[in-house]
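Chemist: here is my input, please return the structure:
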Amino acid sequence: MSASNTKLPDDFEQTLQSVFELGIPQEPANTIDTRLAEALRNAAVQSGQKPMDAGWSDWVKSVAENCKQAAHSELCASDGSGLKERYSNLLEKGMTSDGISAISAAIASVINPGFAISSVLIYLSVWLIKFGLDRWCKIPAKQAASVNP
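Modeler: Residues are numbered from 1 along each chain as shown. Prediction:
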């Protein structure tokens with residue numbers, strides 16, 4: 001399934017509207033990162049996934065890094081030059097409903113399906129926009145997955 005054909009969760013538009021109504025896109029990137037961790041924890045509970053030997057915080061951090069690595073592989077050029085050409089229009093959309101929806105659609109098919117819920121997709125997309133999508137894409141994948149906002 002290509003990213004452009006990826007179906008977003010049924011509650012995506014409603015969740016995105018609530019995120020904007022609450023002013024979440026204006027929050028600092030580190031607050032968005034915390035929201036992402038909480039959303040991943042909730043997704044794990046909803047999908048029946050439980051952490052192995054690691055504590056919740058270590059496990060959630062690892063899952064967040066895996067999601068970011070998958071997003072990096074999908075969105076970023078392998079040579080480290082920045083955003084892949086086919087996603088260059090994302091830079092113009094910015095922190096808008098269209099921009100967040102487009103990034104979410106691009107990454108929904110590449111992250112673990114148990115975590116591809118609206119809140120995770122939205123917070124990850126907002127975090128990427130806040131960090132600077134092209135700037136983030138110029139960081140090697142392993143570093144980009146764990147970079148602090």
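Chemist: how far away is the most centrally placed residue in the chain from Pro9?
Modeler: Geometric centre of the chain, nearest residue: Leu124, 2.4 Å, by CA atoms, centre = their mean. Leu124 is 13 Å from Pro9, where distance means CB to CB, to the nearest Å. In this view, the C-beta of every residue, glycine as well, is placed from N, C-alpha and C.
Chemist: show me what contacts Leu40?
Modeler: Contacts here follow CB atoms under 8 Å, 6 or more residues apart in numbering; on that basis Leu40 touches 60, 63-64, 67, 115, 120.
Chemist: buried stuff in the helix or strand hosting it?
Modeler: Following DSSP states H and E, one finds Leu40 within helix 29-46. Neighbour counts over helix 29-46 (16 or more other CB atoms under 10 Å) mark 29, 32-33, 35-37, 39-41, 43-44 as buried.
Chemist: next one: the lowest-mean-pLDDT helix or strand in the chain to chain centre, how far?
Modeler: The weakest-scoring helix or strand in the chain, judged by mean pLDDT, DSSP states H and E, is helix 141-146 (a mean of 81). In terms of CA atoms, centre = their mean, to the nearest Å, the centre of helix 141-146 is found 13 Å from the chain centre.
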